[in-house]
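Visitor: I need the structure of the sequence given here:
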Amino acid sequence: MTDLGAAQANTHRGAPAPPPAYPAAARPAAFGTVAGTDAASRAAAREAALAALSAARQPSPAAPAPAPTPPPSPPRTPPPAPHRAAGRPRTIGVTRIVCWQLVLVALVAAATRPWPVLVAVALPAAVVVALTAVRVRGRWLSTWLVVGSDYALRDRARDLRGPAEAGRELLRLLSPEATGTAGDNGFLLSRAAGITVVLQPKSAERDLTKAMPSPESLLPPPHEPAEAVAAQVVHHAGIARDRPPRVWLALQALRTPDVQHDTDVQRALGNTVRRVLRRLRRDGLPAHGLTEPELLGTLASLAHVNAGRGQVREDWRHWHSGPIAQAAFRLDGWADLPPAVAPQLLRWLPAKIPRAAVTVAVTAHRPAGTARVRTEATVRLAAAGPEALEAAAGELTRVAGEWALSVDRLDGRHAQGVAATLPIGLTVP
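Guide: A predicted model of the protein is given here:
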């Protein structure tokens, strides 16, 4: 017999016998009671049961069925704005006009002189006009001359020490004048522009980028007499997108002609830190100030100089830390974005630029004597080689163009770009 036939035979032999019929006296009392009722009572009970069943099948108006939650829709791209050329706005300063006037006066004075004198005056005059009147990639030639001179004279290769000293050596490389001391609300980093405290907010939300207020909203109101302050929010997303982006807030009290000494600057910084901490607690973002080891470790991690990548080298197009290639970009037009668009772009940039770590620093400050806030956004990309970095840079340019932003690649100034994307505040107020 096959397995299937044996199974069928066992099924027939094991079938349960039908239950025995109970006599009327052994039935439950309820059954006996129903049997003794008359036809009218049975009809009334049937009508009541049908009415109750109909009422139960109808939806209750007091408790409507919950509607399904619609899936979140992606943020909408803002309408296109006029394209801006990379670099600073095309303004002609007074210095350039004075240079052109001097060139004109020199040429007029040399016009009646012998030709050797005219040539000796005309050649330098042509160089001055070219430096002050010709623009390349959105910048004056005189600006590129300053950038090239600084690039040639700057220390562009450094072997940082062990992992424990990588952050300290990096800070010494990017800001040699920096010093520090412990404070009540964290480590106080003193630089030429001012003194900075770095806060790290915490939240129950996975994406702090959505909950973090803008740096402009953290500045003192313009109508209140207050010290010069800068607020910098740094967003970082690693190559592995399984971890949420991390956020740091750097508060910096700037030095002014009236406030220069560290004691006065620290007093202004303490007032700002207490005010911002109260604001963050109200927003559900409790924060704590980083200690010196925490700050130095954060700087090393953000700059990718930890984990044995302390060999720093800078060329014109890249800033290298071991095998990691990095490049910095300034996003011109960030201050013109609507308030609701900037947080969306901060969340979209890492999603649209795969295979690269993305660090975005948005810095806002109000220059002394003005009520207008100056906001700058700098992006730094890090990838496992120049080829992957260039691909990520192309994606950044494309995404920024969709949001009507111009990308200014900081060639020759990538060390400044690295410093601008670290939570250490402004370099020049």
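
Visitor: my reading is that Ala253 lies in a helix. Confirm?
Guide: No: using DSSP: H, G, I helix; E, B strand; the rest coil, the assignment for Ala253 is strand, not a helix.

Visitor: now the helix or strand hosting Gly270: buried residues?
Guide: Gly270 belongs to helix 262-282 when assigned by DSSP states H and E. In terms of neighbour count (16 or more other CB atoms under 10 Å), helix 262-282 has its buried residues at 262, 264-266, 268-270, 272-273, 276-277, 280. C-betas here are computed from N, CA, C, even on glycine.

Visitor: I'd like the next helix or strand past that helix.
Guide: Taking DSSP H and E, what comes next after helix 262-282 is strand 287-289.

Visitor: what's in contact with that following strand?
Guide: 183, 185-187, 197-202, 249, 273, 277, 280 (CB atoms under 8 Å, 6 or more residues apart in numbering).

Visitor: residue closest to the middle of the protein?
Guide: His235 (3.1 Å; CA atoms, centre = their mean).

Visitor: looking at this, that one is in a strand?
Guide: Yes: read with three-state DSSP, His235 is one of the residues of a strand.

Visitor: can you pull up the bridge partners for it?
Guide: Note on His235: beta-bridge partners Val247, Val360, judged by DSSP bridges.

Visitor: host element of Val121?
Guide: With DSSP H and E as the test, Val121 turns up in helix 115-133.

Visitor: quick one: mean pLDDT over that helix.
Guide: For helix 115-133, the mean pLDDT works out to 88.

Visitor: likewise for stretch 417-429?
Guide: So the average pLDDT for stretch 417-429 ends up being 92.

Visitor: buried stuff in that stretch?
Guide: Buried-residue list, stretch 417-429, by 16+ other CB under 10 Å: 417-426, 429.

Visitor: need the max-distance pair from the residues you listed.
Guide: Across the buried residues of stretch 417-429, no pair lies farther apart than Val418 and Pro429, at 19.4 Å, counting by CB to CB.

Visitor: right, and the residue nearest to the centre of the chain touches Leu249 too?
Guide: No: counting by CB atoms under 8 Å, His235 does not reach Leu249; the two are 10.5 Å apart.

Visitor: okay, and the common contacts of the two?
Guide: With CB under 8 Å, 6+ apart, His235 and Leu249 have common neighbours Met212.

Visitor: residue contacts, Gly297?
Guide: Contacts of Gly297 (CB under 8 Å, 6+ apart): 167, 306.

Visitor: measure it to Leu171 for me?
Guide: Separation of Gly297 from Leu171 (CB to CB, to the nearest Å) stands at 12 Å.

Visitor: how many neighbours does the closest residue to Ala351 other than its chain neighbours have?
Guide: Excluding the flanking residues, the one nearest Ala351 by CB to CB, 6 or more residues apart in numbering is Arg241, at 7.5 Å. The number of residues packed near Arg241 is 11, by other CB atoms under 10 Å.
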